[in-house]
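Trainee: using only what follows, build the 3D model:
(chains A and B)
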Amino acid sequence: MKSRFGLSALVALAMSLPIGLHAQEVPAEFKGTGKLVVNNWGGPTVEKMHAAWYGDFPKATGIDVTFTSIPDVAKLKIMSQVGNVEWDVVDFEGAQMLQAMKGDLLEPIDYDLMYKLVPKDQLDPAQMTKYGIGSIAFGTIMAWNTETVGKTGPSSWTEFFDTSKFKGRRALYARPKPTLEIMLMADGVAPKDVYPIDIDRAFKALEKFGPKVDLWVEKTSQWDVLIQNKEVDLMGSSLARTMAQVEKGEPMAIGFNQSVMEQSYWTIPKGAPNVKDAQKLVAWMMRGEGQRASLKLLPYYSMVNKAALDGLPKETLAKLPGAPENSANSLTINAGWWLENDAKVQTRWLDWLSRR
Amino acid sequence: MTPIDASEPAEKANRLLPDAPTVTLTAWQRQQRGLTVSLMALPTVAMIGVFVMPLLVLLWMSFGGGTKTGFSVQGYIDLMQPVYLKLLMFTLQLAFFTTLLCALFAYPLAYLMVNVSSRFAAWMGVVLFITLWLSFLARTFAWIIILQRRGIINNLLVGIGVIDSPLELVYNKLGAYIGMVHILLPFMVLTLIPAMKAIDPAYVRAGLSLGASPARVFRDIYMPLSLPGLVAGSMLVFTLAFGFFITPAILGGGRAPTIVMAIRDQIQQLGNLQLAAATSMVLLVFCLGLLFLYDRIAGIDRIYDKGGK
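Mentor: Numbers count the residues shown, from 1 in each chain, chains lettered A, B, ... in the order given. As a prediction, the model looks like this:
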C-alpha cells in the first residue's frame, strides 16, 4: 500500500507540473467520469515513469486511474472464464500479448480515436498491432565492472565469453529468452539473422558457452544486489536496472552493440469493465509530450511516439536504446517465434539446466 | 503444492449441513447433537471449500477442463518427457536431504529448548519465531550477503588468511541447501518441542536409576518417545521442501532446478494450465505415495498418540 501512496503523490506532482494539455483543450470524446484499473509491472521505477507519462490524464479527462501488478495471461484467462475481468489496460510483453490473442482475450485498439489526439505520422508503425500498441521496449545489454574488467569491455557476445581476454565471473538470465539469442550471436550469427532461431545450433552454442556462466539470474531485482556486491564482473543484464546502479555510483559500463530489445504492448482485455475509457487512456499514452517527460526521467526504454525524442538533450539520447546509433546493431525479440516454439524450447532448456 | 483458494463463497455452508435428525431424541440429546453439528460445520465447510474444492478443480483442469479442446489426457502425455523425471528426482533429493539436515540440527536445538530454564527457552522461542515472521525473500537475500564472493564469511576467512581465494558458498546446490535448511528448521523445531515436552522425566530417571548409561537411556527411552515429533516434523518439512521455489531458484544460481520451476514456466511462459495442473496432480500423487511408504516404515498414526504412551 505504501507504493500506492507513493504513486498518488507522484501523480499529484505530475498533475501540478505545467506539462500536457489543459483541461479545456481535451477533445470532448476524451471526457469521462469512469474509473480505470491499469495492470503494470509495478515497482518504484514503473510508478515514477507512469506518473510522468500520463499522470495528467485523470485531471484532463475526469477519468480516475488506479494500478495493480503484475501482467499475467493465465490470470486473465481465468478472470475471463469466470466472467470477472478486473483490468482495463494491461502492459503485456510481446509473447504474452500473442498468447492472450490466441486465447481471444483482447479488444482491438481504437486507432481512429487515437488519431484524434495524436498525429498518425508520429507513431512508429513497427510497434502498432491490431490488439496492442507499444508501451515500452526494454533492453538486455552487456555490462561490466570497470574496476575488475577495465574501461573497455566486450564489444560483442563472442567477446563476452572470451575468458582469456576478459577475466571474471559472468551472469545471464536463467531463462531461454533471450539466452538463446545471445548464444547464437556469441556463435557468430548477426542480429538480423538470428530469427528464425536454429534451436539445435543455439543449444550447441549453449553447451559451449553455458559453462562459462557462473551465475544464472532468476529475478530482475537480483541485478541490483549482484552489482552492488560486485558478485559478478560481466553480465547480460537489464538496461534499466544496470543504469540505475550506474547513477548510484557503481563502477559499471555498458555496451549497446548486439543488445536485445523486447517490445511490450498496451492492451485492453476483452470484457474489461471500462473498455471505452481504456481506449481513451491508451490513446492518451501515445502523446509525445508524455512519453518525452517519462524518457527524461528514465531514459532506458524506447517508445512508440518518435516525436518523444525531439528536443531531448544529447546525453539523454546517448542512453536511449531507441536512439538511432544505439539501436543500429540491436536485436528485437521476435515474440511470434517464441509463441510458436516456447514449449519445445522450455523443456530442452530445463533439461540442460538439470544436467548441471 | 496446490493453489489454495480461500475465496470460496460462504453461502455453501448451509447446503452442506446434514438434515435435521428424524429419530426422536430427548431435548438434551438434541441439544448435544445440535451443538456438535454446529461446531463441526465450520471446519467441514472450510475443509471442503479450502482443500477439497480447489483440488477437484485442479483435477478437472488437468484433464482439459476449461480449455477449448475439452477433455483430454494431453497434459499427462506431455509430462512423459525425461526432463520432468529428472527434475522430479532432483527435487526429491533436495527435499530429502533438507529434511535430514533439518532433523539433525533441530533435534539438539529442541532438546535444549525443552531442558533449559523456561526464561532462556522463551528467548530461544522468540528468536525462532522472528525468523519465521521474516519474509522468505528477505531471508534468501540475507543469505547472499553472508555467503557471496565478498560476503561476510569469505571476507573473514580471506582476511585472517585461512583461504586465499573466496569459497563458492552460494549460487550452487550448497547455497540452495543452506537457505532451505535455515528457512525450514523452525518448522521441525516447533513440532519436536511438544513431543519432547510430553516425555515424562520419570522414565529417564527410572532408566538411569536402574543402571543404564545415559547413552542407553537416550537410545532406548528418550529417542523412541520423541519419535512422533520427529516423524511429524519430517513430514511437514519434506512436504514444504518439495514445493519450495524461490530459495533454490535464487540461491541455486541456476544449478538447482526444481519441478516447481517447471510448473511456474508452464503457467507464466507457456500459459499451459492443463500441463501445470497435470504436473501438480502427479506431484500430489507422488507425495501421497511417499507419505504412505513413510507411514509403513515410521507410522504416521503415532503423531496422534500422546508422547508418553
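
Trainee: what pairs with the lengthiest strand in chain A, parallel or antiparallel?
Mentor: Looking across chain A with DSSP state E, the single longest strand is strand A:252-269. Strands that pair with strand A:252-269, judged by DSSP bridges, come out as strand A:89-93 (antiparallel), strand A:106-107 (antiparallel), strand A:133-145 (antiparallel), strand A:331-332 (parallel).

Trainee: which single residue in chain A comes nearest to chain B?
Mentor: Relative to chain B, the nearest point of chain A is A:Trp216 (2.4 Å; Cβ to the nearest Cβ). C-beta coordinates here come from the backbone N, C-alpha and C atoms, glycine included.

Trainee: tell me which element A:Trp223 falls in.
Mentor: Following DSSP states H and E, one finds A:Trp223 within helix A:222-228.

Trainee: ok, that helix near chain B or not?
Mentor: Yes. Part of helix A:222-228 sits near chain B under the criterion Cβ under 8 Å from any Cβ of the partner chain, namely A:222, A:225.

Trainee: for that helix, packing partners?
Mentor: Secondary-structure packing of helix A:222-228 (3 or more Cβ pairs under 8 Å, 6 or more residues apart in numbering or on different chains; DSSP states H and E): strand A:215-217, strand A:234-238, helix A:239-247.

Trainee: with mean pLDDT as new columns, can these be given to me in JSON lines?
Mentor: As requested, the helices and strands packed on helix A:222-228 are arranged in JSON lines below (pLDDT from 0 to 100):
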{"stretch": "strand A:215-217", "mean pLDDT": "94"}
{"stretch": "strand A:234-238", "mean pLDDT": "96"}
{"stretch": "helix A:239-247", "mean pLDDT": "91"}
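
Trainee: deepest in the core, which of these is it.
Mentor: Between these, strand A:234-238 has the highest mean count of neighbours, a mean of 26, where neighbours are mean count of other Cβ atoms under 10 Å in any protein chain shown.

Trainee: quick one, that one and helix A:239-247 angle?
Mentor: With axes from the mean of the first three to the mean of the last three Cα atoms, to 10 degrees applied, the angle from strand A:234-238 to helix A:239-247 works out at 120 degrees.

Trainee: and strand A:234-238, how far out from the chain's middle?
Mentor: The offset between the C-alpha centroid of strand A:234-238 and the centroid of the whole chain comes to 16 Å, using Cα atoms, centre = their mean, to the nearest Å.

Trainee: what packs against that strand?
Mentor: If you count contacts as 3+ Cβ pairs under 8 Å, 6+ apart, strand A:234-238 packs onto strand A:133-145, helix A:157-160, strand A:170-173, helix A:222-228.

Trainee: still on that earlier bit, distance between the helix holding A:Trp223 and the chain's centre?
Mentor: Relative to the chain's own centre, helix A:222-228 is displaced by 19 Å; criterion: Cα atoms, centre = their mean.

Trainee: circling back: same list, the strands paired with strand A:252-269, but as CSV with mean neighbour count and mean pLDDT please.
Mentor: Putting these into CSV (neighbours: other Cβ atoms under 10 Å in any protein chain shown; pLDDT from 0 to 100) gives the following:
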stretch, mean neighbour count, mean pLDDT
strand A:89-93, 26, 96
strand A:106-107, 21, 97
strand A:133-145, 25, 94
strand A:331-332, 23, 94
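
Trainee: sorry, back to before: what's the following helix or strand after the longest strand of chain A?
Mentor: Moving on from strand A:252-269 towards the C-terminus, the next helix or strand you reach (DSSP H and E) is helix A:275-284.

Trainee: got the buried residues for that next one?
Mentor: By neighbour count, with 16 or more other Cβ atoms under 10 Å in any protein chain shown as the criterion, the buried positions of helix A:275-284 are A:275, A:277-284.

Trainee: and if you look at stretch A:101-117?
Mentor: Within stretch A:101-117, the residues that qualify as buried are A:101, A:103, A:105-107, A:109-111, A:113-114, A:117, counting by 16+ other Cβ under 10 Å.

Trainee: for stretch B:247-264, same thing?
Mentor: Within stretch B:247-264, the residues that qualify as buried are B:247-263, counting by 16+ other Cβ under 10 Å.

Trainee: same question for stretch A:73-89.
Mentor: Of the residues in stretch A:73-89, those buried under the neighbour-count criterion (16+ other Cβ under 10 Å) are A:73-77, A:79-80, A:85, A:87-89.

Trainee: outline the domain layout of the chain.
Mentor: Reading this off chain A. Chain A breaks down by automatic domain parsing into domains covering A:2-137+A:263-319, A:138-262+A:321-354.

Trainee: ah, I was thinking of chain B
Mentor: Taken from automatic domain parsing, chain B resolves into B:12-62, B:75-304.

Trainee: can you tell me which of the ones you listed is most buried?
Mentor: When these are scored by mean count of other Cβ under 10 Å, the highest mean neighbour count falls to domain B:75-304 (a mean of 17).

Trainee: run a quick neighbour tally on A:Asp351.
Mentor: Other residues near A:Asp351 number 17, with proximity taken as other Cβ atoms under 10 Å in any protein chain shown.

Trainee: A:Phe209 now?
Mentor: Residues near A:Phe209, counting by other Cβ under 10 Å, number 21.

Trainee: with A:Arg292 instead?
Mentor: Going by other Cβ under 10 Å, the residues that sit close to A:Arg292 add up to 22.

Trainee: which residues does the closest residue to chain A within the stretch 151-300 of chain B contact?
Mentor: Per Cβ to the nearest Cβ, the residue of the stretch 151-300 of chain B with the smallest distance to chain A is B:Gly254, at 2.4 Å. Going by Cβ atoms under 8 Å, 6 or more residues apart in numbering or on different chains, B:Gly254 touches A:174, A:213, A:215-218, A:353, A:356, B:171.
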